[in-house]
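Participant: Return a 3D structure for these sequence lines:
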Amino acid sequence: LMSEAEKMKAKDMCNSHMDTGISKSSYVHGVKFAMSSEASSSLGAFKAKEVNFVRLRIDTSKEVIDLEDSQMLQGGFAAFKDLVISSEQPRFCLYSYDATEPKQDVFILYCPDGVKVKEKMMYSTSKAGIVGEAEEAGIVFDKKLEIRESSDLLESELVATAEAAEPAAPAVAKPKGPGGKRGLIKVPVLPQ
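Facilitator: So this is what the prediction gives:
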């Protein structure tokens, strides 16, 4: 049998944990590549509304996320859609959709079907890291999408998101159960 001191030591061992230096809130599933200074500054410009469109790519040789395009896009959703699908390679796009009030910030991973499996995996596993970097910069995405082709990106989906953000009607309350004492069965008394 164990002494009190041994019991306390065993209890402390069970309750202790190894410190990995990674807190649960900062851990992101997937791969987190370093961001180039241009990519980081474009996130700041997007947050400050200096630009409404940012396109990022992964430089596979350096394993760094680079800025490919950053601009104040004119022409609405059609121009945005053309820019998203203009590349035949996977890309990350950030867009401030302004056809609704309030504006919505949208994150899109564009990964066409014809891309090599290695690139698909690289982009899909680094998506969470980029979203995490953007959130650290103060950007809150109203919508996150993954698309493979032009038909996957519909403006109606973004409008539906804005309408869904409006407060919904309260849920219908459940009806009350039967009154009286539950579980008791009244047995009629038979005359004798």
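
Participant: from here on, contacts and neighbour counts on C-alpha atoms
Facilitator: Noted.

Participant: Now do the helices in the chain.
Facilitator: Secondary structure of the chain (DSSP state H): helices located at 4-15, 37-47, 76-84, 117-136, 155-164.

Participant: Specify the stretch among these that is closest to residue 143.
Facilitator: helix 155-164 (7.5 Å; C-alpha to C-alpha).

Participant: The helices of the chain: lowest mean pLDDT?
Facilitator: Across the helices of the chain, helix 155-164 has the smallest mean pLDDT, namely a mean of 63.

Participant: Mind listing the residues bridging to the residue nearest to the spatial centre of the chain?
Facilitator: Nearest residue to the geometric centre of the chain (C-alpha atoms, centre = their mean): residue 144, 5.7 Å. Listed beta-bridge partners, residue 144: residue 107 (assigned using DSSP bridges).

Participant: What score does it have for pLDDT?
Facilitator: 89.

Participant: Kindly state which of the helices of the chain is positioned closest to residue 94.
Facilitator: helix 37-47 (8.2 Å).

Participant: what does the closest one contact?
Facilitator: With contact meaning C-alpha atoms under 8 Å, 6 or more residues apart in numbering, helix 37-47 is reached by 51-54, 56, 65-67, 70, 134, 137-139.

Participant: what comes up buried for that helix?
Facilitator: When neighbours are counted by 16 or more other C-alpha atoms under 10 Å, the buried residues of helix 37-47 are found to be 39-40, 42-47.

Participant: got TSV for those residues, with distance to residue 83 too?
Facilitator: As requested, the buried residues of helix 37-47 are exported to TSV (distance: C-alpha to C-alpha, whole Å):
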residue	distance to residue 83
39	17
40	20
42	17
43	18
44	21
45	19
46	16
47	20
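
Participant: which one of these is nearest residue 152?
Facilitator: Closest approach to residue 152 among these (C-alpha to C-alpha): residue 46, at 24.1 Å.

Participant: Check the spacing between the closest one and residue 74 real quick.
Facilitator: 15 Å (C-alpha to C-alpha, to the nearest Å).

Participant: rewinding a little: residue 103 is nearest to which of the helices of the chain?
Facilitator: Comparing the helices of the chain by C-alpha to C-alpha, helix 155-164 comes nearest, at 8.7 Å.

Participant: so what's residue 31 up against?
Facilitator: By C-alpha under 8 Å, 6+ apart, residue 31 lies in contact with 122, 125-126, 128-129.

Participant: is it possible to export these to a markdown table including distance to residue 35 and neighbour count?
Facilitator: Converted to a markdown table, these look like this (distance: C-alpha to C-alpha, whole Å; neighbours: other C-alpha atoms under 10 Å):
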| residue | distance to residue 35 | neighbour count |
| --- | --- | --- |
| 122 | 15 | 17 |
| 125 | 15 | 16 |
| 126 | 11 | 20 |
| 128 | 13 | 17 |
| 129 | 10 | 20 |
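
Participant: No further questions, thank you.
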